[in-house]
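Colleague: I need the structure of the sequence given here:
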Amino acid sequence: MKKFINKKTILIWRFEDAPEEFQKLSQFGGDETWIAFVPNSLSDEYIGWLTDGGSFSPCSIEEFKIKDGIIKIGCH
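Modeller: Modelled structure (predicted):
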């Protein structure tokens with residue numbers, strides 16, 4: 001994972017393709033669609049498509065602070 005982290009890059013996976021350590025954070029119980037990693041340098045930015053009801057997730061998004069940034073998990 002470390003080799004992919006860039007201070008200005010958001011990484012996105014389909015839920016089933018995301019690193020297992022990120023999948024395990026979810027509390028949605030099977031309704032997950034996408035997982036995004038937002039680096040610390042972008043964590044204060046408004047990213048409209050990564051908000052509840054946006055194109056990343058039509059329902060809601062869970063957020064988890066990790067050492068290098070924020071994990072966002074979207075569900076349907």
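Colleague: From here on, just use CA atoms for contacts and neighbour counts.
Modeller: Fine.
Colleague: measure stretch 22-31 end to end?
Modeller: With CA to CA, to the nearest Å as the measure, stretch 22-31 spans 15 Å from end to end.
Colleague: State the mean pLDDT of that stretch.
Modeller: Here stretch 22-31 scores 87 as its mean pLDDT.
Colleague: For it, could you pull out the residues that count as buried?
Modeller: Using 16 or more other CA atoms under 10 Å as the test for burial, stretch 22-31 gives 22, 23, 26.
Colleague: Next step: the residues you listed restricted to strands.
Modeller: Counting by DSSP state E, no part of those is found in strands.
Colleague: Out of the residues you listed, flag the one nearest to residue 43.
Modeller: Distance to residue 43, by CA to CA, is smallest for residue 22 among the buried residues of stretch 22-31, at 17.0 Å.
Colleague: Please name the residues that touch residue 50.
Modeller: By CA atoms under 8 Å, 6 or more residues apart in numbering, the residues touching residue 50 are 56, 57, 72.
Colleague: Now do residue 47: how many residues are near it, please.
Modeller: Residue 47 sits with 11 neighbouring residues when counted by other CA atoms under 10 Å.
Colleague: ditto for residue 75
Modeller: 22.
Colleague: Residue 72 now?
Modeller: Neighbour count for residue 72, taken as other CA under 10 Å: 24.
Colleague: Now render the buried residues of stretch 22-31 as TSV, adding distance to residue 46.
Modeller: Formatted as TSV, the buried residues of stretch 22-31 follow (distance: CA to CA, whole Å):
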residue	distance to residue 46
22	22
23	24
26	22
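Colleague: Filter those residues down to the ones in helices?
Modeller: Under the assignment DSSP state H, the buried residues of stretch 22-31 contribute 22, 23 to helices.
Colleague: Which of the buried residues of stretch 22-31 sits closest to residue 52?
Modeller: For the buried residues of stretch 22-31, the residue nearest residue 52 by CA to CA is residue 26; the value is 15.4 Å.
Colleague: That closest one and residue 8, how far apart?
Modeller: Distance from residue 26 to residue 8, by CA to CA: 24 Å.
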